[in-house]
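Colleague: here is a sequence with its predicted model. Questions after.
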Amino acid sequence: MKSKLCILFFGTTLFFGSCNKASKAIDKTEFQCPMKCEGDKVYAEKGVCPVCKMDLQLKSKPSKTVAIDFISDESIFNLTSKWNTEEGKIITLKELKGKTLVVVMIYTTCKAACPRLAADMRNIEAKIPTDYKNEVNYILVSIDPKTDTPEKLKKFAIENYMDDNQWTFLQGTEIGVREFANVLAVKYKEISPLDFSHSNIISVFDPLGELVHQQEGLGVDNNETIKKIIETVNN
Amino acid sequence: MKTILRLVIFTIFAYATAINCQSKMVKIKGKAYIPLYGRDSMKVSINDFFMDVYPVTNKEFLAFVKKYPKWQKSNAIKLFVDESYLRDWKSDTLLNSNQKLNSPITNISWFAAKSYCECLGKRLPTVDEWEYVAMADEKMADARIQKNYNAFILSWYEKPKSFNQTIGSTFKNYWNVYDLHGLVWEWTSDFNSVLISGESRKDVDTDNNLFCGSAAINATDLMNYAAFMRYAIRGSLKAKYTMKNLGFRCVKDDKTN
C-alpha cells in the first residue's frame, strides 16, 4: 500500500514538473502556420508549414487594448464618479479601461512634494520601453478640485512636459476625490487654502482596473514599479 | 369622553414619535472652534447642520439592504467592503438572533455608510463636524476642559461589547444628540484626512517621506487623550474595513442658510 502511494505521489510530482516545462516554452517567441494546418503546433524558428508550405508567422498575441466588458469586484471602474480631463472632456474612470494605469494624487499649487512626485512619474515614464508606450496611461488626479480647473491642469501639464497623449489629468468633485483617495488608501487634508498634507503614493492598475502595485514615498527606487508595469502590460 | 380622546391622541402621538425617533435629526448651531489637530491653533468654522439623534440601527440598515440589494452581504463588491462586512447576519436580509433591531449597525464599511446616507439625501459628517458635536456633555457645548468628561469617555473605551447595547442607552448631550460616546465608534466622511499610517512599524521617522507637510500637524490639546484615540482609530482605517464596534450616523446641510 505504502509503495503504491509513493508511486502515486512521485507520478503526480512528475506530472506537475512536466507541466511547468511546457508553460515555460510558451514564453519564448513562437512561429505558427497562419492556416493552422497542424492545429496549435508552434515552431521556435521561422520557416514554412510542412503541410501547406505557407510562411510561418509570429504567433500573434491578443491585442491588449481590446474592450472587455467584464469588470471584477475589485476594479476601480466600479466607481461611477465623473471627472473633467485637462482637455475639457467629461469622463468616468471606466473610459480609462484597456490600458495599464499609473496613478498619483497631487495638487498644482503644491510647492514641496508634488513637483518631486511629478518627477517620479516622469522618471517611471522615461524608463518604460517605447514598445509599451501605447499600453500605459499616466493619470494625475487633483486633490484640490476647487482650485485645479481643467485649464490649470493643462497649464501644469505643459509646464511639466506631461502634455503627451499618455498623460491624463483629472479634476473631480470633492466627494469623488475622497472616494477615489479611499480606494487608493491615499490620505490628505487641507491645512490652509492652496496647501494640503497628503500621502505620496504611486499606484499601478491593470487594464481591468485592479490594483497591482503601490510605490510609497518620494524619490524612492522605482525599479519594482517599472517591473510591475511591464509585467502588467505583458499579461 | 374628552379625556379618552386626548389619551388616544397622546398615545398615537407618542407611538409616532417612537417610530420616527430613529431617524430624527436635530439642528447643530455651527461656530468656529479649535479641533485636536490643526496648524498653530487654527480654528475651523462649522456651518449650521442637522445631525441624526442616534446612530443608524440594525433595523434601519436592514430596510436599506432590502431596498438596495447591491449592499447585501453576498452582493457587496470587494472594492467597497472587506470579508467581515455584516459578518454576524444570518443571511442577506436576516439578522442573527442575538442582534437587536435597535442596536447600532456595525461591521459596515465607509462606502456602505456613505451610500446609506446618500440614499436618504444625507451625508456622513466630517471629522471636524463630528468632533464639534462630540465635545459637548449634558450641559456644555464644549466640555473638553472638564476632567470628569474625558474620564467618562475613556472609561467607555475600556468597556467591552458596548455595541450590543441599544441606541439611546447613553447620555443626551447639549445638542440633544445621543450615543456619540459610549456605544460605537463612528465613520466620518473625511476620516482619511488623518495622516497617521496607523501601523506601529510604519510610524517612524522615515515615514515622513510618505506625507507632504505632515510636520505642520500638531496636537493643540495634549490633554485630550480620548480625542487622540479617535484620531488614531481613524488614521488606521481604510474605507473598505469593517469593524465590530464601528457604526455611523448621518448629517444634512442646513439649507436655510
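Modeller: Received it, and whenever you're ready, just let me know what you need.
Colleague: and for residue 143, the neighbour number?
Modeller: Just going to use chain A. 25 (other C-beta atoms under 10 Å in any protein chain shown). Quick note: C-beta positions are derived from backbone N, CA and C, even for glycine.
Colleague: hmm, no, I was thinking of chain B.
Modeller: For residue B:143, the count of nearby residues is 19 (other C-beta under 10 Å).
Colleague: swap in residue A:121?
Modeller: Using other C-beta under 10 Å, residue A:121 has 22 neighbouring residues.
Colleague: residue B:90 too?
Modeller: 10.
Colleague: before we move on, what about residue A:53?
Modeller: Look at residue A:53: counted by other C-beta under 10 Å, it has 9 neighbours.
Colleague: quick one, phi/psi of it?
Modeller: Main-chain torsions, residue A:53, degrees, to the nearest 10: phi 70, psi 10.
Colleague: could you pull up the contacting residues of it?
Modeller: Contacts for residue A:53 (C-beta atoms under 8 Å, 6 or more residues apart in numbering or on different chains) come out as none.
Colleague: that one and residue A:80, how far apart?
Modeller: Relative to residue A:80, residue A:53 is positioned 55 Å away (C-beta to C-beta, to the nearest Å).
Colleague: what's the answer for residue A:204, then?
Modeller: In terms of C-beta to C-beta, residue A:204 sits 22 Å off from residue A:80.
Colleague: and residue B:240, by the same measure?
Modeller: On the measure of C-beta to C-beta, residue B:240 and residue A:80 end up 17 Å apart.
Colleague: what segments of chain A are strands?
Modeller: All strands of chain A, identified by DSSP state E, fall at A:31-32, A:57-58, A:82-85, A:90-92, A:100-106, A:136-142, A:167-171, A:188-192, A:195-199, A:201-205, A:211-216.
Colleague: just the ones you listed: most buried one?
Modeller: Most buried of those, by mean neighbour count (mean count of other C-beta atoms under 10 Å in any protein chain shown): strand A:100-106, with a mean of 25.
Colleague: ok, and the closest non-adjacent residue to the most centrally placed residue in chain B?
Modeller: Nearest to the geometric centre of chain B sits residue B:186, at 2.8 Å (C-alpha atoms, centre = their mean). Leaving aside its chain neighbours, residue B:186 sits nearest to residue B:248 (5.1 Å; criterion: C-beta to C-beta, 6 or more residues apart in numbering or on different chains).
Colleague: isn't that neighbour up against residue B:55?
Modeller: Yes - using C-beta atoms under 8 Å, residue B:248 makes contact with residue B:55 at a distance of 6.6 Å.
Colleague: give the intersection of the neighbour lists for the two.
Modeller: B:105, B:186.
Colleague: more neighbours, the two?
Modeller: Using other C-beta under 10 Å as the criterion, residue B:248 and residue B:55 rank with residue B:248 on top: 28 against 25.
Colleague: so that one versus residue A:144, what's the distance?
Modeller: From residue B:248 to residue A:144 the distance is 26 Å (C-beta to C-beta).
Colleague: still on that earlier bit, residue B:240 and residue A:80: which is more packed in?
Modeller: Each of residue B:240 and residue A:80 has its neighbours counted (other C-beta under 10 Å); residue B:240 has more, 22 against 10.
Colleague: now do that one against chain A, distance only.
Modeller: 8 Å (C-beta to the nearest C-beta, to the nearest Å).
Colleague: average pLDDT for stretch B:167-179?
Modeller: Stretch B:167-179 comes out with an average pLDDT of 93.
Colleague: over to it now: how far is its first residue from its last?
Modeller: With C-alpha to C-alpha, to the nearest Å as the measure, stretch B:167-179 spans 7 Å from end to end.
Colleague: contacts for that stretch?
Modeller: With contacts defined as C-beta under 8 Å, 6+ apart, stretch B:167-179 is touched by B:22, B:26, B:28, B:51-55, B:57, B:102-104, B:133, B:136-141, B:143, B:180-183.
Colleague: buried residues in that stretch?
Modeller: Buried residues in stretch B:167-179, counting neighbours by 16 or more other C-beta atoms under 10 Å in any protein chain shown, are found at B:167-170, B:173-175, B:177-179.
Colleague: residue B:70 reaches residue B:64, doesn't it?
Modeller: No - using C-beta under 8 Å, residue B:70 is not in contact with residue B:64, being 10.8 Å away.
Colleague: of these two, which one has the most company?
Modeller: Neighbour totals were compared for residue B:70 and residue B:64, and residue B:64 leads with 18 against 10 (other C-beta under 10 Å).
Colleague: so which helix or strand takes in the more buried one?
Modeller: Taking DSSP states H and E as the definition, residue B:64 sits inside helix B:58-67.
Colleague: same for that helix, what does it pack against?
Modeller: helix B:110-119 (3 or more C-beta pairs under 8 Å, 6 or more residues apart in numbering or on different chains; DSSP states H and E).
Colleague: next, the angle from the next helix-or-strand element following the helix it packs on to strand A:188-192.
Modeller: On the C-terminal side of helix B:110-119, the closest following helix or strand by DSSP H and E is helix B:127-134. Calculated by axes from the mean of the first three to the mean of the last three C-alpha atoms, to 10 degrees, helix B:127-134 forms an angle of 80 degrees with strand A:188-192.
Colleague: now helix B:127-134: average pLDDT?
Modeller: 92.
Colleague: so which of the strands of chain A gets nearest residue B:162?
Modeller: strand A:188-192 (29.2 Å; C-beta to C-beta).
Colleague: counting by contacts, list what that closest one packs against.
Modeller: strand A:195-199.
Colleague: and the residue positioned nearest the centre of chain A, what does it touch?
Modeller: Taking C-alpha atoms, centre = their mean, the centroid of chain A lies closest to residue A:100, which sits 2.3 Å from it. For residue A:100, the contacting residues are A:135-137, A:204-207, A:229, A:232-233, by C-beta under 8 Å, 6+ apart.
Colleague: any idea which of those residues is closest to residue A:150?
Modeller: residue A:137 (17.4 Å).
Colleague: that closest one bridge partners, please.
Modeller: residue A:101 (DSSP bridges).
Colleague: do residue A:106 as well
Modeller: When assigned by DSSP bridges, residue A:106 has beta-bridge partners residue A:142.
Colleague: tell me the pLDDT of residue 59.
Modeller: I'll assume chain A. 65.
Colleague: actually chain B
Modeller: pLDDT, read off for residue B:59, is 95.
Colleague: grab the nearest non-local neighbour of it.
Modeller: In space, and not counting its chain neighbours, residue B:59 is closest to residue B:101: 4.0 Å by C-beta to C-beta, 6+ apart.
Colleague: look up how far residue A:155 lies from the one you found.
Modeller: Distance from residue B:101 to residue A:155, by C-beta to C-beta: 56 Å.
Colleague: cool, residue B:25 as well?
Modeller: 43 Å.
Colleague: of the two, who's got more company?
Modeller: More neighbours surround residue B:25 than the other of residue B:25 and residue A:155, with 18 against 14 (other C-beta under 10 Å).
Colleague: what does the stretch 51-200 of chain B put close to chain A?
Modeller: Contact residues (C-beta under 8 Å from any C-beta of the partner chain) of the stretch 51-200 of chain B with chain A: B:77-80, B:110-111, B:114, B:189-190, B:192-195.
Colleague: can you list the residues of chain A near chain B?
Modeller: A:73-76, A:78-79, A:110, A:112-114, A:175, A:178-179, A:181-183, A:185-192, A:195-201, A:216-220.
Colleague: since that was my last question, I'll sign off now.
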